[in-house]
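J.: Provided below for reference: sequence and predicted model.
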Amino acid sequence: MSLIELNQIKVSYGMVKALNGIDLMMNSGEIVCLLGGNASGKSTTMKTILGLVHPTSGAIRWDGHEITTWPTPRRIASGIASVPEARRIFGPMTVEENLLIGAYTCRDRHLIRQRLAEQYDRFPRLAERRTQTAGTMSGGEQQMLAFARALMSGPRLICMDEPTMGLSPKLVDEVLASIADLNRDLGITILMVEQQAELALSIAHRGYVLATGDMVLSGEAAELLDNPRVQEAYLGRTIANGETE
Ligand SMILES: Nc1ncnc2c1ncn2[C@@H]1O[C@H](COP(=O)(O)OP(=O)(O)OP(=O)(O)O)[C@@H](O)[C@H]1O
Ligand SMILES: [Mg+2]
């Protein structure tokens, strides 16, 4: 049985159609990469899984339950976590306060303390900075905090929206290695939106490609790496942003 399944999901923002009936499924333990150009619906797909955006039609199944109408906190409590776009850490708050927010759906104080200790163990740099204001940390440290905060809810699935955005090439490699570690060491299933297709597919098992709200391609990571249409989706982004030529 798949861990999560999106069936024919449609999402609109007023007149704007963001998703035109997409299908996506993930097995437990997979790293799946969601690729696509600007405005193709990648973040909307993530937000739909988290319940931050509600589909006009279609269904989401999670761990055998239909969760399409579940509110976000219930989804988080049941094992879905997120590392949102632009990290969204709480800058004026300390590292520890940020981590505790990640456990907001958990009522068990002992468990919260245990999870906090686990994060400090996994990310010693956060332990050294537990009282530091999060906004004063480097980009790489803030990304580490965003991962640790997601882990505080004890997730089985983490949705990561462009986790390497704005990081230097060296840090990008570190973040991708850290994602692979979470998957391998903790068995966490990961759905990752990434603009750097080649890099993302190097750690992913499978991938999907979105184009203006339609899922146009999916397959094993190695297959997608060889596919010219993946390059197309990737170029779509760079040209739109004026980042090349
Ligand atoms: N809150 C919103 N209100 C209105 N339209 C929205 C909203 N959020 C997203 N959209 C629109 O939905 C479409 C898909 O947006 P989405 O953010 O999912 O794309 P994306 O693939 O994540 O793009 P990017 O690569 O730029 O992050 C876009 O046309 C966008 O303008
Ligand atoms: Mg996005």
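T.: Received the coordinates, thanks. Ligands and ions are numbered 1, 2, ... in the order given.
J.: now stretch 19-38: mean pLDDT?
T.: What stretch 19-38 shows for mean pLDDT is 96.
J.: ignore the last one, stretch 70-80
T.: Averaging pLDDT residue by residue across stretch 70-80 gives 96.
J.: what's it in contact with?
T.: 4, 49-52, 62-63, 65, 67, 104-106, 153-157, 159 (Cβ atoms under 8 Å, 6 or more residues apart in numbering). C-betas here are computed from N, CA, C, even on glycine.
J.: Got the domain ranges for this protein?
T.: For the chain, the structural domains run 1-79+156-245, 88-154, going by automatic domain parsing.
J.: Mean neighbour count for those domains - can I get that in a markdown table?
T.: Below are these laid out as a markdown table (neighbours: other Cβ atoms under 10 Å):
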| stretch | mean neighbour count |
| --- | --- |
| domain 1-79+156-245 | 18 |
| domain 88-154 | 17 |
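J.: Those: lowest mean pLDDT?
T.: Here the lowest mean pLDDT among the domains of the chain goes to domain 1-79+156-245, at a mean of 91.
J.: CSV for the domains of the chain, including distance to ligand 2?
T.: Below are those laid out as CSV (distance: least, Cβ to the ion, whole Å):
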stretch, distance to ligand 2
domain 1-79+156-245, 3
domain 88-154, 13
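J.: can you put the ones you listed in TSV and add distance to ligand 1?
T.: Rendered in TSV, the data for the domains of the chain read as follows (distance: least, Cβ to the nearest ligand atom, whole Å):
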stretch	distance to ligand 1
domain 1-79+156-245	3
domain 88-154	14
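J.: Pro163 and Asp23: what is the separation?
T.: Using Cβ to Cβ, to the nearest Å, one gets 24 Å for the distance from Pro163 to Asp23.
J.: Same check on Ile60?
T.: With distances taken as Cβ to Cβ, Ile60 is found 11 Å from Asp23.
J.: What strand or helix carries the residue nearest the centre of the chain?
T.: With distances taken as Cα atoms, centre = their mean, Met160 lies nearest the centre of the chain, 1.4 Å away. In this assignment (DSSP states H and E), Met160 forms part of strand 157-161.
J.: Ok, Ser40 next?
T.: With DSSP H and E as the criterion, Ser40 is inside neither a helix nor a strand.
J.: ok, now Ala81?
T.: Using DSSP H and E, the element containing Ala81 is strand 80-83.
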